[in-house]
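Visitor: task: produce atomic coordinates for the following.
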Amino acid sequence: MEGREEIKYIILIIYDITDDKHRRNLVKILSSFGLRVQKSAFEARLNKRQYNKLLSKIEKFYRDSDNIRIYRLQEYEEVRVYGTEDYSAEEVIVI
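Guide: Next up is the predicted model:
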């Protein structure tokens, strides 16, 4: 539709996954849609098609032991950020 802006959503995905390999795979999926804003949180600005694609990928990925929450906000919602912590890299533990 020429001349019309597509509705965008602010998407917040938070998760609690205990299996390290499984969690890293989710991080790879989420990184293709948005930015890591905290250790277990990603934020993205997606149109409806992209949002549905994200949901489809997560539904295929999900295990019963996972806890994944997805919040969808309209683009005009207010988001305030305090702090500058960079969580772009997965935590690496060497033993």
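Visitor: which element, helix or strand, includes residue 51?
Guide: helix 48-61 (DSSP states H and E).
Visitor: show me where this structure has strands.
Guide: Ranges of strands in the chain, per DSSP state E, are 8-16, 35-38, 41-47, 67-74.
Visitor: what's the closest of those strands to residue 26?
Guide: strand 8-16 (6.2 Å; Cβ to Cβ). Using the backbone N, CA and C atoms, a C-beta is placed for each residue, glycine as well.
Visitor: can you give me the buried ones in the closest one?
Guide: Neighbour counts over strand 8-16 (16 or more other Cβ atoms under 10 Å) mark 8-15 as buried.
Visitor: ok, stretch 27-39 next?
Guide: So stretch 27-39, judged by 16+ other Cβ under 10 Å, has buried residues 27, 30, 33-34, 36-37.
Visitor: may I see the residues you listed arranged in CSV, with distance to residue 61 as well?
Guide: Shown next, in CSV, are the buried residues of stretch 27-39 (distance: Cβ to Cβ, whole Å):
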residue, distance to residue 61
27, 11
30, 10
33, 13
34, 15
36, 17
37, 20
